[in-house]
Each structure stands twice: as structure tokens, then as C-alpha cells.
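[1] build me a model from this:
(chains A, B, C and D, ligands or ions: 4)
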Number of protein chains: 2
Amino acid sequence: MEMAKGLTASLEDYLEAIYHIIAEKEAVRAKDISRRLKVSGASVTGALRSLAEKRLVNYAPYDVITLTAEGGRLAKEVVRRHEVLRDFFVKVLAVEEKAANEVACQMEHIVSKEILERFIQFTEFVEVCPRGGSKWIAGFGYYCDHTGAMENCERCLQLALEEARKAKREGGHEMARSAKLSELKPGQRCRVVKLSARGETSKRLAQMGVTPGAVVEVERVAPLGDPIDIKVKGYHLSLRKEEALGVEAEVIEP
Amino acid sequence: MEMAKGLTASLEDYLEAIYHIIAEKEAVRAKDISRRLKVSGASVTGALRSLAEKRLVNYAPYDVITLTAEGGRLAKEVVRRHEVLRDFFVKVLAVEEKAANEVACQMEHIVSKEILERFIQFTEFVEVCPRGGSKWIAGFGYYCDHTGAMENCERCLQLALEEARKAKREGGHEMARSAKLSELKPGQRCRVVKLSARGETSKRLAQMGVTPGAVVEVERVAPLGDPIDIKVKGYHLSLRKEEALGVEAEVIEP
DNA sequence: GAAAGAAGTTCGGCAGGCCTAATAATATAT
DNA sequence: ATATATTATTAGGCCTGCCGAACTTCTTTC
Ligand SMILES: [Mn+2]
Ligand SMILES: [Mn+2]
Ligand SMILES: [Mn+2]
Ligand SMILES: [Mn+2]
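    Numbering: from 1, shown residues only, chains lettered A, B, ... in the order given. Ligands and ions are numbered 1, 2, ... in the order given. Reported below is the predicted structural model:
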């Protein structure tokens, strides 16, 4: 039984950098890493040796650098943490992109699984709750700019209530507009209502967080609707059309 | 001109620990620090030497340990960051105290001034906005426990609206119940409306964040109403009664 | 006031991370 | 094919931060 998985912050950043470089170029060179992380080439060589020892990268002197299966998994985890935190800072705290990325890239090595989960849920909640939502966040921006202005609350609530009622009416009887996940367009968000898929597929989906109640954002849809890239709980997933067909969802209006 | 103030995370934690030990005992012993930070005595000696070199602690071998003026200032800053972040985790993300303290004590070395400010404002906003408030946070708790339950939104908004209206009516014509800061009780929060103080006092108040619009929480009031301990923007302040008399505030109902 | 016990210090060592300078390998251009 | 430029590695150092072990200096107790 192997304990102590813990990578250092520094090594996680190297993994993260390699992951991103792979995503945009074919071959990874030590130079790319050193540019990205702003460290000397010597430091990169050292880090690569550490990572190779831990079986997270395939590396031999002067050879190309690739991630092992395990290294890829860990790298994705780091990236996920980074993105979740950055999104929180940008979307909720209205921090500018650059500053958000900086603090996220340090926090990503600190937050526990449980707290990361909370950040995801909170960001979701704020964006989805009729009492939160974009208006409310705009209100926060106003609050920041005008030291603590809290005027017109009544009107704000009034409008939110009217909108919630309208949405309910339009959604017919019980719920908001329902659809198959496969019918959504990039940028749209929905809440999973039911999984009608069976066996392996449903298992894989469930494992990645596509469960009833989960908020799903569609990121990209390929020309013929296959595959569909989505984001759930910070995970980027690529679903085949058949898989997406098996997911019933209810659209969330912005 | 001295650049590079930056203390390391480790040294900041030593300062923080010393500050807390001073607050609860008279004398600070290396042993207390080593217990608190869970490091060996040898490490404490080393850290104290670094801090003494930087003129942040008064330290000579075998002698008692105290903070210099500058060291005290920095320690308070660290504690402030810690508390602001912990409060955010506890009050907003509903993280349990212990976990919140742990992550706060790591983040405190990472967040920029600007982002700390955002955390303060956001926590304030959530607690003060009628669309936020305790009900809304409870809603978040429910959302966490029941994977994404968002039922009864309409009713929730309806209630919030009614409450906001009631509060407005009760507050008479224009605003909520207005009062001098000196009249409030521990635990109460208010928003500063006007500073009628002049000169030094008003300057000091303004510098510490007691400005129109700021949210102030009363922490303790001494028997005869002097001094009054308050918290503003994460700062703990102790006001004399005369000072508090010069602050007009509007009470925030919970 | 001496001996025992507790607290504090010094020393040497180790690990992680980073650097520069020198050297080696590879890629490119002529 | 050779010279040149680019890229990567090695070697040697520096700094922070931690440790255990040995030693020193209080503090208490009898
Ligand atoms: Mn990072
Ligand atoms: Mn990152
Ligand atoms: Mn800390
Ligand atoms: Mn702390």
C-alpha cells in the first residue's frame, strides 16, 4: 500500500505546464517549459528527473518529453483545480483574469478536495440561483465600486421574483424547458434531470459527475454533433452523441 | 529606499504565532512557538534569528521574546488576512472551522491586497444584501447536501421581498434605524452613514476603514461603554466613547 | 547551594528549488 | 561535410527550512 502521493507545488506546476504545452504543440521541449515557468533550463532538467523518477513523465536526456498515464491524470487534476479556482475569482469575485490566474495557480496546491468541491458548488449556486445570478453579481460589482451601496434592493428583488415567475410559466407546468443534452448549443448550461443510459456509459458518466442535479455546460459541439465537449464540476469531458442522447436535462436560462 | 519587504510564508507564521501567544500569556517562550507550529526547538531558534535580523522581534539568546513595533504591525496584518479568509470559508462557503483555519493559514501568504479586499467585500455583500443574507446561505447549504436542489425559489424570493419591504417601512421614511455607533450592542452590525468627528480622530478612523458605507461589527463594549471594540474590513479597532459618538450608523438587521 | 530537570542553543546534515557557467548534443545552414 | 547556432545537461553553489544529537544555560527542588 503506497502512501504519500503528495507532489510539491513546484512539481505540480511542471506537470501543469507540460500538459498545456502538449495541448498546443506536438513536441514538448525543455525550452518551452522554462519559458512558461520562467525558470532556467537547468531547473527544468532537475524537475524532469524528479518527475521521471516518480514515473510521471517519460524522459531520457535529449529525448522528447511525454506524460505517462499517471502523469497525465495528475496534470489534469491540477488544471482542474486551477480552472475551478480561477472561475470562482473571475465569475464570483469579479477579479480580472490575470490576477485570478496568478492566485489560482498558487491556491491550486493548497485547497483540499472538500474545499475545492465547495468552490465548485458555490460558483454554480451563485450562477444558478434566482437570488444570485448575473444581476446579483453585477450588484456586487456596484457594491465594490461605490463603497457599500445597497440601494434599490426592493426593486432588484421585485424584478428577480417576476423573472422567476415568468420562467416557471414558460417552462409549462412543472419545470424549465427540458431537452436532451445532445440538443444544446455551446455556451448553454443545463441541469441533469435523468440518465437513461445503461451499463458502462452511465457508469462512466456518473463517475465523472454527470448525475441528476449536476450542472453541465456545453463547451463545443463538433459539426455533426459528435463529439460534444462539456464541463461538469470542473471536469472537461468529451461525450459521443449516443452518450449525450441518454442525458435528460433542463436548460438554465442566463 | 528599501524594496523587498516580502517575508516568507514560514516567517509570517512565526510572527503570527508569537502574536497569538503574546495575546494569551505574558511571556513568550520558544517552547510555546514550537508547540504551536509543530516544529523542533532548533527550528524556532533559527527562525527567531532571521526575524531578529530583520528587526521584527527583539531577541537575544535565553532572553524573552517580544515583537518590535514593525513586527507587531506585520503580525497583525497576517492575522487579519487569516481571519478574513477564515470568515469567508466559514460564513460563505460553510466550511467547518478547523478546515477553514487550515486553508486560511496557507492562503494568507498568497492573496494580494486587492484580492483580500474582494474577499472582505464579498463576505460583507453576501451577509448584507437582501438577496443574500442568512436565508440564501442556508440555501447554499441545502444545495450542497442535496446535489443541486433549487426548489421553491419563487417562495424564497417572495419572502425576501416581503422582508425587505417590511424593513423599509419600519425604518420610517428613508432608511433603516439610525443610531450613533456608541449605542450598539456586541454582535450588532451597522453601516456607517456619516462621520461627524473632526481632525485627528476622524483621520484615524478613516485610515482604518471607518468611512461612510463601511460595514462595522461591534465586538465588545466595556462596562461603561468605553472602549468599544469593533471590526471593520477585517481590522480590529478599539474606539473611545467620544470617537464612537462621532460615527452615525444605520443598523443592519440580520 | 548542589543536583536534577526543563528549556534553549549550536552543529552538522538533508531535501527542495533555484541559479550561473561550462560543457555536450543536436539541428541548421552553407 | 563542416561550421554555427540552438538547446540540453552537468557541475558546483546558494538559500530556506526543517531535523536530531550534543551541549549550555536557566529553574526548581530538596
Ligand atoms: Mn500552480
Ligand atoms: Mn495553475
Ligand atoms: Mn500561515
Ligand atoms: Mn494564519
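
[2] tell me the residue of chain A that sits nearest DNA strand C?
    Using CB to the nearest atom of the strand, the single residue of chain A nearest to DNA strand C is A:Thr8, 2.3 Å away. Where C-beta positions appear, they are placed from N, C-alpha and C, glycine not excepted.

[3] give me the neighbour count for whatever residue of the stretch 151-254 of chain A ends up closest to ligand 1.
    Closest contact between the stretch 151-254 of chain A and ligand 1, by CB to the ion, is at A:Gly234 (15.4 Å). Around A:Gly234 there are 20 other residues, counting by other CB atoms under 10 Å in any protein chain shown.

[4] ditto for A:Glu12
    The local packing of A:Glu12 (other CB under 10 Å) involves 21 other residues.

[5] in three-state terms, label it for me.
    helix (DSSP: H, G, I helix; E, B strand; the rest coil).

[6] what secondary structure does the residue lying closest to it once chain neighbours are set aside sit in?
    Of all residues not flanking A:Glu12 in the chain, A:Val78 sits nearest, at 4.9 Å (CB to CB, 6 or more residues apart in numbering or on different chains). Using three-state DSSP, the structure places A:Val78 in helix.

[7] contact partners for A:Val78?
    For A:Val78, the contact set (CB atoms under 8 Å, 6 or more residues apart in numbering or on different chains) comprises A:12-13, A:15-16, A:19, A:108.

[8] rerun at 6 Å
    A:12, A:15-16, A:108 (CB atoms under 6 Å, 6 or more residues apart in numbering or on different chains).

[9] same question for A:Ala244.
    Residues in contact with A:Ala244, defined by CB under 6 Å, 6+ apart, are A:181-182, A:228.

[10] tell me the one among those residues nearest to A:Gly71.
    For the contacts of A:Ala244, the minimum distance to A:Gly71 (CB to CB) is 26.9 Å, reached by A:Ile228.

[11] hang on, the earlier thing: residues in contact with the residue of the stretch 151-254 of chain A closest to ligand 1?
    A:80, A:84, A:120.

[12] mark which of those residues are buried, thanks.
    When neighbours are counted using 16 or more other CB atoms under 10 Å in any protein chain shown, the contacts of A:Gly234 contain these buried positions: A:80, A:84, A:120.

[13] keep the residues you listed, but drop any that are not near ligand 3.
    Among these, proximity to ligand 3 is found for none (CB under 5 Å from the ion).

[14] wait, which of these is closest to ligand 4?
    Using CB to the ion, A:Val84 comes nearest to ligand 4 of these, at 23.2 Å.

[15] not counting sequence-adjacent ones, nearest residue to the closest one?
    Once flanking residues are discounted, A:Val84 sits nearest to A:Gly234: 4.2 Å by CB to CB, 6+ apart.

[16] what's the answer for A:Val210, then?
    A:Val232 (5.5 Å).

[17] ok, now how distant is that neighbour from B:Thr201?
    Between A:Val232 and B:Thr201 the computed distance is 55 Å (CB to CB, to the nearest Å).

[18] go through the helix or strand A:Asp32 falls within and flag the buried ones.
    Element membership of A:Asp32, judged by DSSP states H and E, is helix A:30-37. Buried residues in helix A:30-37, counted by 16+ other CB under 10 Å: A:30, A:32-34, A:36-37.

[19] in PDB, list the C-alpha atoms belonging to it.
    What follows is helix A:30-37, C-alpha atoms only, in PDB (Å, rounded to 0.1, in the frame of the first residue of the first chain):
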ATOM      1  CA  ALA A  30      12.600  21.800 -22.100                       C
ATOM      2  CA  LYS A  31      12.900  25.300 -23.500                       C
ATOM      3  CA  ASP A  32       9.100  25.600 -23.700                       C
ATOM      4  CA  ILE A  33       8.800  24.700 -20.100                       C
ATOM      5  CA  SER A  34      11.500  27.100 -19.000                       C
ATOM      6  CA  ARG A  35       9.900  29.900 -20.900                       C
ATOM      7  CA  ARG A  36       6.500  29.200 -19.500                       C
ATOM      8  CA  LEU A  37       7.500  28.800 -15.900                       C
END
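
[20] is it in proximity to DNA strand D?
    Yes: against DNA strand D, helix A:30-37 shows contacts by CB under 7 Å from any atom of the strand at A:30-31, A:34.

[21] residue numbers of chain A in contact with chain B?
    Residues of chain A lying close to chain B (CB under 6 Å from any CB of the partner chain) are A:93, A:103, A:106, A:110, A:115, A:118, A:121-122, A:125, A:130-131, A:136, A:140, A:143-144, A:147-148, A:153-154, A:157, A:160-161, A:164, A:213.

[22] all the helices of chain A, residue numbers only.
    Along chain A, counting by DSSP state H, helices occupy A:9-24, A:30-37, A:41-53, A:69-87, A:97-107, A:113-128, A:133-145, A:153-170, A:199-207, A:241-245.

[23] dump those helices to a markdown table, plus mean pLDDT.
    Below are the helices of chain A laid out as a markdown table (pLDDT from 0 to 100):
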| stretch | mean pLDDT |
| --- | --- |
| helix A:9-24 | 97 |
| helix A:30-37 | 97 |
| helix A:41-53 | 98 |
| helix A:69-87 | 98 |
| helix A:97-107 | 98 |
| helix A:113-128 | 93 |
| helix A:133-145 | 83 |
| helix A:153-170 | 75 |
| helix A:199-207 | 82 |
| helix A:241-245 | 88 |
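
[24] mind putting the ones you listed into TSV with distance to B:Ala42?
    Output for those, formatted as TSV (distance: least, CB to CB, whole Å):
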stretch	distance to B:Ala42
helix A:9-24	25
helix A:30-37	33
helix A:41-53	27
helix A:69-87	34
helix A:97-107	29
helix A:113-128	33
helix A:133-145	46
helix A:153-170	57
helix A:199-207	47
helix A:241-245	58
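
[25] looking at these, spot the one closest to B:Thr45.
    Smallest distance to B:Thr45 across the helices of chain A (CB to CB): 26.7 Å, for helix A:9-24.

[26] report the distance from that closest one to the chain centre.
    17 Å (CA atoms, centre = their mean, to the nearest Å).

[27] buried residues in that helix?
    A:11-22.

[28] what is the nearest of those residues to ligand 1?
    A:Asp13 (4.4 Å).

[29] list the contacts for A:Ala214?
    A:192, A:232.

[30] 8 Å instead, please
    Shown in contact with A:Ala214 (CB under 8 Å, 6+ apart): A:191-192, A:232-233, B:147-148.

[31] cool, A:Ala179 as well?
    A:190, A:248-251.

[32] what's the span of stretch A:82-92, first residue to last?
    End-to-end distance for stretch A:82-92: 15 Å, by CA to CA, to the nearest Å.
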